[in-house]
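Participant: fold the following.
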Amino acid sequence: MPSVRRLRCGLLLPLLLVAACSARPSLAPPTIPAAEPAVSPAGTQHPAGTVRPLTGTATGAVFDAGTLVALRADATVSLFGATTGSLALPGPATALTGDGHGVVYLSSRGGYFRVEPATRQVSRVDVTDAADVDFTAITRRSDGTLVLGSADGAVHTLTADGLRTAAVAKIFARVDQLVAQGDIVAVLDRGQTSVTTIGADGKPQYALRAGQGATTLSASADGPLLAADTRGGQLMVYGMDPLILRQAYPVPQSPYGVAGSGGLAWVSQTADNTVIGYDLATGIPVERVRYPTVQQPNTLAYDDKSDTLYVVSGSGAGVQVIEHAAGRH
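Facilitator: Numbering: from 1, shown residues only. Predicted coordinates:
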């Protein structure tokens with residue numbers, strides 16, 4: 001019987017049902033060096049649209065309720081759109097997500113910050129049973145549940161009040177990014193170059209290897225899960241429920257930033273300061289639009305309502321605003 005058990009586990013590896021082979025004691029998962037964006041050259045073309053100044057180094061951004069919120073490395077967020085200016089955080093933050101109604105949440109050590117750009121209110125929320133946890137990622141499910149990932153490879157699904165941990169899945173080397181679609185959460189582990197789904201109960205569901213070096217994820221309510229395989233030079237398109245790879249398409253020049261919209265998949269090429277919008281409707285990505293960007297286009301965010309694409313520089317070159325990006329207006 002032991003040999004049968006090993007065979008079954010081996011057959012599941014291409015599409016791993018994580019819980020099926022969990023009888024053995026957990027060991028540190030093998031990893032590879034995480035892929036990184038290319039160091040972008042100085043801009044040789046004028047960026048499309050308009051560029052707004054951004055002081056400091058941006059590490060992430062989210063568009064929520066009319067405002068782009070950009071997280072900076074100096075524990076500050078910069079606001080563009082319906083609300084402008086900057087807000088100081090009570091401490092360092094690592095990632096951010098929005099609720100779609102004007103509240104942004106940012107992961108931090110031992111808890112998270114709650115920011116309301118419209119009222120400029122910032123508050124700290126401690127997760128009572130995770131005071132020493134170094135949270136590195138955060139997302140919000142459609143039912144309002146917050147989910148945080150940690151540097152030691154655990155995914156914490158919080159209670160409805162956001163104050164305690166309801167479930168923990170500790171199977172990763174490190175949780176680098178979380179995105180949600182409905183009540184399903186996708187986990188990116190760059191060291192394992194894997195994508196894993198976490199169900200509404202907080203337990204792992206399926207996992208797939210994501211190319212040769214996946215670096216970023218994006219998911220929208222009505223679109224696929226997108227992943228940039230920076231080392232492998234491709235855009236990967238997944239269905240989330242269940243997790244399945246539907247498309248893998250070559251994208252040159254160190255693809256890194258990704259964003260989904262109602263029809264296009266946006267991918268930035270960090271080696272040549274370019275962003276491309278791909279139409280996924282035909283079953284294979286088809287390039288529809290291409291724009292020159294600010295230097296180091298590491299982060300993308302898209303406002304589907306106004307058809308506006310935001311390109312946030314990772315080198316201090318500003319926030320690029322491309323209106324009517326997909327040409328729908």
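Participant: list of residues touching stretch 157-164?
Facilitator: Residues outside stretch 157-164 that contact it (CB atoms under 8 Å, 6 or more residues apart in numbering): 112, 125-129, 144-148, 165-169, 185, 198, 202. From N, CA and C alone the C-beta is placed, and that goes for glycine too.
Participant: buried subset of those as a ChimeraX selection?
Facilitator: The ChimeraX selection below is limited to those of the contacts of stretch 157-164 classed as buried (16 or more other CB atoms under 10 Å):
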select :112,125,127,145,146,147,148,165,167,168,169,185,198,202
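Participant: now, the contacts of stretch 157-164 that are in strands?
Facilitator: Judged by DSSP state E, the subset of the contacts of stretch 157-164 located in strands is 112, 125-126, 146-148, 165-169, 185, 198.
Participant: tell me where the model's unsure across the stretch 201-329 of the chain.
Facilitator: By pLDDT under 70, the weakly predicted segments of the stretch 201-329 of the chain are 262, 328-329.
Participant: show me where it has its strands.
Facilitator: For the stretch 201-329 of the chain, applying DSSP state E, counting those that start in this stretch gives strands covering 204-209, 214-219, 225-229, 234-240, 243-250, 255-260, 264-269, 274-279, 286-292, 299-303, 308-312, 319-323.
Participant: any idea how far the fifth one is from the chain center?
Facilitator: Put plainly, it is strand 243-250. 17 Å (CA atoms, centre = their mean, to the nearest Å).
Participant: so which bits of that strand are buried?
Facilitator: Using 16+ other CB under 10 Å as the test for burial, strand 243-250 gives Leu243, Leu245, Gln247, Ala248, Tyr249.
Participant: make JSON lines out of these and add distance to Ala95.
Facilitator: Shown next, in JSON lines, are the buried residues of strand 243-250 (distance: CB to CB, whole Å):
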{"residue": "Leu243", "distance to Ala95": "21"}
{"residue": "Leu245", "distance to Ala95": "24"}
{"residue": "Gln247", "distance to Ala95": "26"}
{"residue": "Ala248", "distance to Ala95": "26"}
{"residue": "Tyr249", "distance to Ala95": "26"}
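Participant: rewinding a little: got CSV for the strands of the stretch 201-329 of the chain, with distance to Ala38 too?
Facilitator: As requested, the strands of the stretch 201-329 of the chain are exported to CSV (distance: least, CB to CB, whole Å):
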stretch, distance to Ala38
strand 204-209, 22
strand 214-219, 11
strand 225-229, 12
strand 234-240, 15
strand 243-250, 16
strand 255-260, 8
strand 264-269, 8
strand 274-279, 11
strand 286-292, 16
strand 299-303, 15
strand 308-312, 15
strand 319-323, 18
